[in-house]
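Asks: Sequence unavailable; structure follows:
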């Protein structure tokens, strides 16, 4: 469809007050990097177009699974051809071809190879990595069990060392111990890293990692002692064969335990790791990556919803004056613009946490683990907060598109279904927030002891605050101070309550649990503070009109965040009633101010149509033609009259006729 | 699987402080009605078991569509056999067999026949209804177009009267005018009621209704001039053939216009309706019904999540003391118990609004339309509010079940996907809230004029309130007063702002739009007030331990609602900081108080396992066995090695091997 661009969208783009290219370059690290991204994505999109003739959502699970294997193979081939190895290049390529579409190979590099790289000894790596990287050994990471998730000590799978044969016997002792959920495990992988309780000489030595082959390398049939398969349909990720895996006294060589940190000697002697805090580091990087994928989901959802809201005309504002763009309704702006602000905010936070991770990683490699706890607390809080906020945002975008938002044609269900489960995988959000809270509470006692804290915790060292001096000059510092004040108060309040509970005789675990709702709240406030500050820092170097727009967006982010939990700021009198009224009316003013730049702000994300995969979010705005096109592709339309009509519908109808003595119906009414 | 009941669940049931049967009978209108429900549902469940060998979510869309036709036919047959006609009986039967599973026939009675019954003349009804009720004529209701939803005047489909042939010419003038979304339209129906702009003698007379045959009664092929089909995959409702419909100068007889209220005479003369307010009445009943289906979704989701949380053990509270039921975590209680309270609250509100509808309907039938605007405002607000709150609740329940919540085995995705779209269909929620707001604002000016208002608006006639006298005696009246005070303040505040805007020279539509975010907020407060009061009224007649539990649940509902928008109550000083602290700690106390009765409170809903359709929500709590069973049924497990392996995976792997000069891999690692 090479059609003219919808006139409303065209006008929106003309009316933007800033240069959208300038923002795109800013977001993508400059003009050269933006060009590189576009070049790679266009190449991939053109290449992949030949593979897929029907929208993913119109395919059966079997077909989706198959298509994604092909897409993965295509991208791997293209990477080789182009000789790519830069992570950003690879990211762009994958985004162009498989956004929100995991394949059976998705965890092969991201979790299987990377775990072996981290936890295997040098000798093991030398033997295995070439086999893995050349896809002879295809694997995944098997930790979660049907009855056990976040609490790793609860895992039931055992690896019992048999010194006679120098083998481990891997066993699933109960239904609840069956490995369940690992991506690619069901049908694709022939191997995996298994987390299991190591038992040697009758002693349980805790969880360790084992490289386990599960399918024959030639026939791909499961090996004897292995029961493996797909876990069935889920909410999203249809193209992935998340699997189950059950061991029946399955034996592997002693040398298949990953031995970089812990070891079992041939006689069964256990050598414990010098330092297991390094195991943390991998999790923090994965969590930082999830912040990025959450951000991308929200950016895409907002792009779709804002563009569609500029194209969609419905209802009149002044009776008789004609239907208006739904983006002109204040309620629509209130639904979408805070999400647009969230998208930018999480995008900047995601970049910041990733940069921080790389920074800390350098220190870690030099043996300095000092910053690991902060990195862990921050990445946990951001993973959890971004998951919640981006899920909420994707849902709001779906709702903002009316009925069509629920059609898979919109691309929104796919986005929503891919972001929501992120609240649970790689650390359940509540559990993560409580880990961060533990760090925050500990930090309070470090202050009490006069120890110094890293910069990100400076808010805990502020004086107790008092009242805000916010007025209608809308100073950035005043708004940030509000977040600092609130985070500080919530952390100290709950720390105090914990102490009181314990003084009153509660056991520490019980006291912790009895205050956990407020502990989570404190961690959320910490995450919000980090994000609002980072956002302000990132846009600081900008100038001119672009800076003005980004400051407006930042202010919307800051004020919307405050107004969503006003009680926190009113309860201790930090804000006065008058200040709250000012904030409330400012919020509505900001919506109106951002209105002319809404489309440009989402255009700046620079998602090609093929990546958005949305009839509603198309660059050219020809949404109704695209929806109709989508409908025509429905599998149910392959026949005018379905077999089901002849087999079930007609016989039922006829059985009803017979029961009523009515004349035979004519062929026309 | 006839297994023992999980020991934790058993203990939960033993420890409940009230008689769960007593509550079940209360919810279902007495012991006799409960028995009747159980009898009918058991019968239907046993009968239907033969049709379905695989969980719905594991079927392709074609298979789901087919299965639902068969289920519909089965239920129709059973209704006939048992001679059922009582709406409650029919409801229970449908619930047992097809909860959250619409068939192509779903709108035949609910929207097609019922519209004809309301809008056709007596002569038309005499001719058509027998054909419809005996399924010769199978239909749906076609209003929404691809480019037009809530704003009916914007619909583009035309019905132009041709007096020469005494026919209407139905036409879809543009892609945006194609009918899109009607349930059952794609493949099942051979007819439908079409809403179109009536044009006669060159004059547009606005939207009217037409009975249109679209498929041949014998061959089921679309008639010439008709293009019809399925709209493709959606977020939920996979088993329904929501359809599109395009007219190309399609002719129908003059007598196919529904002529109860408006008429076209043979010469094209238009006779306009005496009173079209009656058209409202149908919408209000449909919206009241949606409140009921939203409530059911939340009740089911909460049943699943609470039972699973009693079975699931994870993490320790005191280190080393063993894993606890996740229901013991305060954060889990905070996630689920307010949803349990919401479920009861919306259930009672749903019954109340339905009773009110029937009450008003009696007056309407006597020609008294006075209460129609109140009914309309209330049903619109409750439809919208219940949609939002039950969607939020279903999502919370899914999250509360961890990873397994995202498996279709849990039953939760099906529930979520069926409740979320209710925020858009039958009146987009924001649009409805604004309709209610218009009624509330008008009511303020009626008060100013000294007119009296119905009881449900009494809060608008209160004096301005001042400060709450709430203290730790937790009086019901004090809590309700808070809701009244807030609703009153928000309605008057926004009415005042509207007036100011207009006085400042804004056009009325513009002023309305510029205050619409706060108008919606006022309507939400109105809905919440109605619900919290209704809940208190309904449980008033109870006594003993049951009453105590229900009062605790009510108080949680009331306090959680306040604490979710604390700013509203603090901003004008209605609550003091001290009162807010009291409320916050009371909320946590209530969670602990409800803990022993949580399972009993969801058991009382009395959903059979077959209706819950959930591995996690099973009565017997054998959740892991059920999850494993579900996995084994996955279609991807029909073959150990998929064709995709031979066709795509293996060739890709081999292509990688060739590029690396590595030794051939052995069959075992």
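Replies: Arrived safely. The shown structure was predicted, so the numbers you read here are calculated from the model rather than taken from an experiment.

Asks: CA atoms for contacts and neighbours, from now on please.
Replies: Fine.

Asks: Distance of residue A:396 relative to residue A:544?
Replies: Between residue A:396 and residue A:544 the computed distance is 32 Å (C-alpha to C-alpha, to the nearest Å).

Asks: Which one's more surrounded, the two?
Replies: Neighbour totals were compared for residue A:396 and residue A:544, and residue A:396 leads with 20 against 8 (other C-alpha atoms under 10 Å in any protein chain shown).

Asks: Helix, strand, or coil at that one?
Replies: helix (DSSP: H, G, I helix; E, B strand; the rest coil).

Asks: Who's the closest spatial neighbour of it, skipping the chain neighbours?
Replies: residue A:335 (6.5 Å; C-alpha to C-alpha, 6 or more residues apart in numbering or on different chains).

Asks: contacting residues around that neighbour?
Replies: Applying C-alpha atoms under 8 Å, 6 or more residues apart in numbering or on different chains, we find residue A:335 in contact with A:396-397, A:400.

Asks: export the residues you listed to TSV and tack on pLDDT?
Replies: Listed next are those as TSV, based on pLDDT from 0 to 100:
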residue	pLDDT
A:396	97
A:397	98
A:400	97
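
Asks: nearest to chain B, of these?
Replies: residue A:400 (9.2 Å; C-alpha to the nearest C-alpha).

Asks: Could you pull up the contacting residues of residue A:590?
Replies: Here residue A:590 is in contact with A:552-553, A:555-556 (C-alpha under 8 Å, 6+ apart).

Asks: returning to what we had before: now, among the contacts of residue A:335, which is nearest to residue B:428?
Replies: residue A:400 (9.6 Å; C-alpha to C-alpha).

Asks: Wait, that closest one touches residue A:336, no?
Replies: Yes: the criterion here is C-alpha atoms under 8 Å, and residue A:400 meets it with residue A:336 at 7.4 Å.

Asks: give me the low-pLDDT residue ranges for the stretch 251-400 of chain A?
Replies: A:275-280 (pLDDT under 70).

Asks: In terms of secondary structure, what does the host helix or strand of residue A:324 contact?
Replies: Assigned by DSSP states H and E, residue A:324 falls within strand A:323-325. In terms of contacts (3 or more C-alpha pairs under 8 Å, 6 or more residues apart in numbering or on different chains; DSSP states H and E), strand A:323-325 is packed against helix A:278-311, strand A:313-316.

Asks: Any chance of TSV for these, columns mean neighbour count?
Replies: Compiled in TSV, these are given as follows (neighbours: other C-alpha atoms under 10 Å in any protein chain shown):
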stretch	mean neighbour count
helix A:278-311	24
strand A:313-316	20
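
Asks: packing partners for whichever helix or strand residue A:252 is part of?
Replies: Secondary structure from DSSP H and E places residue A:252 in strand A:250-253. Judged by 3+ C-alpha pairs under 8 Å, 6+ apart, strand A:250-253 is in contact with strand A:167-171.

Asks: Any buried residues in the strand it packs on, and which?
Replies: A:167-171 (16 or more other C-alpha atoms under 10 Å in any protein chain shown).

Asks: Quick check: can you name the pairing partners of that strand and their directions?
Replies: strand A:158-162 (antiparallel), strand A:250-253 (antiparallel) (DSSP bridges).

Asks: how about those in a markdown table, adding mean neighbour count?
Replies: Formatted as a markdown table, those follow (neighbours: other C-alpha under 10 Å):
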| stretch | mean neighbour count |
| --- | --- |
| strand A:158-162 | 24 |
| strand A:250-253 | 20 |
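
Asks: ok so, going back, going by distance to residue A:571, which of the contacts of residue A:335 wins?
Replies: Nearest member of these to residue A:571, counting by C-alpha to C-alpha, is residue A:396, at 28.6 Å.

Asks: Residue A:337 is in contact with that closest one, correct?
Replies: No: contact criterion C-alpha under 8 Å: residue A:396 and residue A:337 do not qualify, at 10.6 Å.

Asks: which residues do residue A:400 and residue A:336 both contact?
Replies: Residues touching both residue A:400 and residue A:336 (C-alpha under 8 Å, 6+ apart): residue A:305.

Asks: rewinding a little: what's the closest of the helices and strands packed on strand A:323-325 to chain B?
Replies: Per C-alpha to the nearest C-alpha, nearest to chain B of the helices and strands packed on strand A:323-325: strand A:313-316, 5.2 Å.

Asks: Which secondary structure elements does that closest one sit against?
Replies: For strand A:313-316, the packing partners by 3+ C-alpha pairs under 8 Å, 6+ apart are strand A:323-325.

Asks: mind listing what the strand it packs on pairs with, with the direction of each?
Replies: Using DSSP bridges, strand A:323-325 pairs in its sheet with strand A:313-316 (antiparallel).

Asks: any idea what the closest residue to residue A:538 other than its chain neighbours is structurally, helix, strand or coil?
Replies: Nearest residue to residue A:538 in three dimensions, chain neighbours excluded: residue A:348, at 7.0 Å (C-alpha to C-alpha, 6+ apart). Following three-state DSSP, residue A:348 is assigned to helix.

Asks: which ones are touching the residue at minimal distance from the centre of chain A?
Replies: The residue lying closest to the centre of chain A (C-alpha atoms, centre = their mean) is residue A:294, at 3.4 Å. Contact partners of residue A:294, counting by C-alpha under 8 Å, 6+ apart, are A:386-387, A:390, A:419, A:422.

Asks: In helices only, show me these.
Replies: When DSSP state H is applied, the contacts of residue A:294 are split such that A:386-387, A:390, A:419 fall in helices.

Asks: What about those residues, which one has the most neighbours?
Replies: Going by other C-alpha under 10 Å, residue A:386 tops those with 34 neighbours.

Asks: How much space separates it from chain B?
Replies: Relative to chain B, residue A:386 is positioned 15 Å away (C-alpha to the nearest C-alpha, to the nearest Å).

Asks: circling back: next secondary structure element downstream of the strand holding residue A:252?
Replies: The first helix or strand that comes after strand A:250-253 along the chain, using DSSP H and E, is strand A:263-264.

Asks: Which residues does the helix or strand just after that next one contact?
Replies: As assigned by DSSP H and E, the chain's next helix or strand after strand A:263-264 is strand A:270-271. By C-alpha under 8 Å, 6+ apart, the residues outside strand A:270-271 that reach it are A:200, A:262-265.

Asks: Within the sheet, what are the partner strands of strand A:270-271, with directions?
Replies: Here strand A:270-271 is paired, per DSSP bridges, with strand A:263-264 (antiparallel).

Asks: Please, which helix or strand holds the residue in the stretch 451-600 of chain A that chain B sits nearest to?
Replies: Across the stretch 451-600 of chain A, no residue is closer to chain B than residue A:567, which sits at 4.2 Å (C-alpha to the nearest C-alpha). Applying DSSP H and E as the criterion places residue A:567 in helix A:566-570.

Asks: What parts of the stretch 51-200 of chain A come near chain B?
Replies: Residues of the stretch 51-200 of chain A found near chain B (C-alpha under 8 Å from any C-alpha of the partner chain) are A:57-58, A:60, A:62, A:66, A:69-70, A:73, A:130-131, A:134-136, A:146-151, A:154, A:175-176, A:187-188.

Asks: what about 7 Å?
Replies: Neighbours of chain B within the stretch 51-200 of chain A, by C-alpha under 7 Å from any C-alpha of the partner chain: A:57-58, A:60, A:62, A:66, A:69-70, A:73, A:134-136, A:146-148, A:151, A:175-176.

Asks: how much does whichever helix or strand the residue nearest to residue A:396 is part of deviate in direction from helix A:278-311?
Replies: Using DSSP H and E, residue A:335 sits in helix A:330-365. Angle of helix A:330-365 versus helix A:278-311, following axes from the mean of the first three to the mean of the last three C-alpha atoms, to 10 degrees, is 160 degrees.

Asks: now, the most widely separated pair of the contacts of strand A:270-271?
Replies: Greatest spacing in the contacts of strand A:270-271, by C-alpha to C-alpha: A:200 and A:262 (12.7 Å).

Asks: Go ahead and confirm residue A:243 touches residue A:183.
Replies: Yes: counting by C-alpha atoms under 7 Å, residue A:243 does reach residue A:183; the two are 6.4 Å apart.
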